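K.L.:
pasting a predicted model and its sequence here:
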Amino acid sequence: DAMVIQNPRYQVTQFGKPVTLSCSQTLNHNVMYWYQQKSSQAPKLLFHYYDKDFNNEADTPDNFQSRRPNTSFCFLDIRSPGLGDAAMYLCATSRLQGVDTQYFGPGTRLTVL
Amino acid sequence: GQQLNQSPQSMFIQEGEDVSMNCTFSSIFNTWLWYKQDPGEGPVLLIALYKAGELTSNGRLTAQFGITRKDSFLNISASIPSDVGIYFCAGQTDSNYQLIWGAGTKLIIKP
């Protein structure tokens, strides 16, 4: 049974055209994370929500925004995608914000033309 | 700054062989996690370790949380073709929720 679901699995957008990626979870976890992963590299944390509290990483570009309308859903908005934003975007959840295991979704592969 | 070293970077093995990989951190972790990532998929949690000295198995996989809290290893016994992929270690300190990731070990099975 899928616990962290990401849609779509593959997304193609044009340079500069806004795009939204979605994540949902059935675990009822308090924390949801968005990561960017480029080829052969470890995931890089962009931001996370603890309940409704948004926590942005210092080096996350302003081009990336997020919304969490309820416990189950979280969205990643890329306002003006550049070629360098082509990557795998991973959503993860954990029950606690502190030291706790994170569970990942299958990812959305973003291509920017 | 804090450094997490994972080795080896890649491994070429024969089916049936045992595999060992390890991670060393410059400070101490409260949690060690081992993930496997297949191409085009998200990381899947294999084993989570929460206590120094803890040794945990998951099928053919065994991982240990080093007694110094600075290192961990993952062993895979009798490798099979579906073991191919990238294995990441990751850890958390007591002061930060962020996962600190190793660079990954790519496992390739020789035909």
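P.N.:
Here it is on my side, so go on.
K.L.:
the helix or strand where A:Gln6 lies pairs with which strands, parallel or anti?
P.N.:
Under DSSP states H and E, the secondary-structure element containing A:Gln6 is strand A:4-7. Paired strands of strand A:4-7, with direction, are strand A:19-25 (antiparallel) (DSSP bridges).
K.L.:
chain B contacts on chain A?
P.N.:
For chain A, the contact set with chain B under Cβ under 8 Å from any Cβ of the partner chain comprises A:4, A:6, A:31, A:40-43, A:45, A:48, A:88, A:90, A:92, A:97-107, A:109. Using the backbone N, CA and C atoms, a C-beta is placed for each residue, glycine as well.
K.L.:
thinking again about what came up before, buried residues, the strand holding A:Gln6. List them.
P.N.:
For strand A:4-7, a neighbour-count test (16 or more other Cβ atoms under 10 Å in any protein chain shown) marks A:4-6 as buried.
K.L.:
now flag whichever of these is closest to B:Tyr50.
P.N.:
Distance to B:Tyr50 across the buried residues of strand A:4-7 (Cβ to Cβ) is lowest for A:Val4, with 21.2 Å.
K.L.:
so who does the nearest residue to that closest one once chain neighbours are set aside touch?
P.N.:
Nearest residue to A:Val4 in three dimensions, chain neighbours excluded: A:Gly105, at 3.7 Å (Cβ to Cβ, 6 or more residues apart in numbering or on different chains). Neighbouring residues of A:Gly105 by Cβ atoms under 8 Å, 6 or more residues apart in numbering or on different chains: A:4-6, A:23, A:25, A:90-92, B:42.
K.L.:
if we go to 10 Å?
P.N.:
By Cβ atoms under 10 Å, 6 or more residues apart in numbering or on different chains, the contact set of A:Gly105 is A:2-7, A:9, A:23-25, A:32, A:35, A:89-93, B:41-43.
K.L.:
what comes up buried for stretch A:22-35?
P.N.:
A:23-25, A:29-35.
K.L.:
show me which pair in these is furthest apart.
P.N.:
Pairwise distances across those (Cβ to Cβ) peak at 17.5 Å, for the pair A:Asn30 and A:Tyr35.
K.L.:
just give the number of residues close to the nearest residue to B:Ile28 once chain neighbours are set aside.
P.N.:
In space, and not counting its chain neighbours, B:Ile28 is closest to B:Arg69: 4.0 Å by Cβ to Cβ, 6+ apart. Neighbour count for B:Arg69, taken as other Cβ atoms under 10 Å in any protein chain shown: 19.
K.L.:
for A:Arg109, see how far away B:Ser79 is.
P.N.:
Distance, B:Ser79 to A:Arg109, using Cβ to Cβ, to the nearest Å: 28 Å.
K.L.:
of these two, which one has the most company?
P.N.:
Counting neighbours by other Cβ under 10 Å for B:Ser79 and for A:Arg109 shows that B:Ser79 has the greater number, 19 against 16.
K.L.:
could you look up the SS state of that one?
P.N.:
Following DSSP: H, G, I helix; E, B strand; the rest coil, the label given to B:Ser79 is coil.
K.L.:
what pLDDT does it get?
P.N.:
pLDDT for B:Ser79: 95.
K.L.:
could I get the buried residues of stretch A:22-35 as a markdown table with pLDDT?
P.N.:
Below are those laid out as a markdown table (pLDDT from 0 to 100):
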| residue | pLDDT |
| --- | --- |
| A:Cys23 | 97 |
| A:Ser24 | 97 |
| A:Gln25 | 97 |
| A:His29 | 95 |
| A:Asn30 | 94 |
| A:Val31 | 94 |
| A:Met32 | 96 |
| A:Tyr33 | 96 |
| A:Trp34 | 97 |
| A:Tyr35 | 97 |
